[in-house]
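Asker: model this:
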Amino acid sequence: MSEICPVCNGFYDKQMVCQKCGMLMVQAGRLEDYSGPYSPYMGKDIFILNNDIATTGDNCCIHLYTCPGCNSLEHGSVPLVNM
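Answerer: Model (predicted):
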């Protein structure tokens, strides 16, 4: 059995509300896609975004969310599911 991210694979979209202005945020892809050109091939243990550390495990996928109202960025953890 393999584990996949339900957000990456379009099963559902995790909803996040902006902590600054309260608007519904837009999912902008995996955090590792924004970390650098070789980040998808590196370990998924730690990512740093705007001096905020997102620690991950082997059973989650970290996604970046943007706010259309105030342009703030947040990251959210999505648990992987077995397929």
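
Asker: from here on, contacts and neighbour counts on C-alpha atoms
Answerer: OK.

Asker: Next up, the contacts around M16.
Answerer: 24-26, 65, 76 (Cα atoms under 8 Å, 6 or more residues apart in numbering).

Asker: Mind doing that once more with 10 Å?
Answerer: 22-27, 65-67, 74-76 (Cα atoms under 10 Å, 6 or more residues apart in numbering).

Asker: got a winner among those for most neighbours?
Answerer: Using other Cα atoms under 10 Å as the neighbour criterion, Y65 leads the contacts of M16 with 25 neighbours.

Asker: ok, now how distant is that residue from G22?
Answerer: The gap separating Y65 from G22 is 13 Å, by Cα to Cα, to the nearest Å.

Asker: Tabulate the contacts of M16 (a markdown table), appending distance to M83, secondary structure and pLDDT.
Answerer: A markdown table is the format used below for those (distance: Cα to Cα, whole Å; DSSP: H, G, I helix; E, B strand; the rest coil; pLDDT from 0 to 100):
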| residue | distance to M83 | secondary structure | pLDDT |
| --- | --- | --- | --- |
| G22 | 34 | coil | 93 |
| M23 | 33 | coil | 95 |
| L24 | 29 | strand | 96 |
| M25 | 28 | coil | 95 |
| V26 | 26 | strand | 93 |
| Q27 | 23 | strand | 90 |
| Y65 | 25 | strand | 92 |
| T66 | 29 | strand | 93 |
| C67 | 31 | coil | 95 |
| E74 | 28 | strand | 89 |
| H75 | 25 | strand | 84 |
| G76 | 22 | strand | 85 |
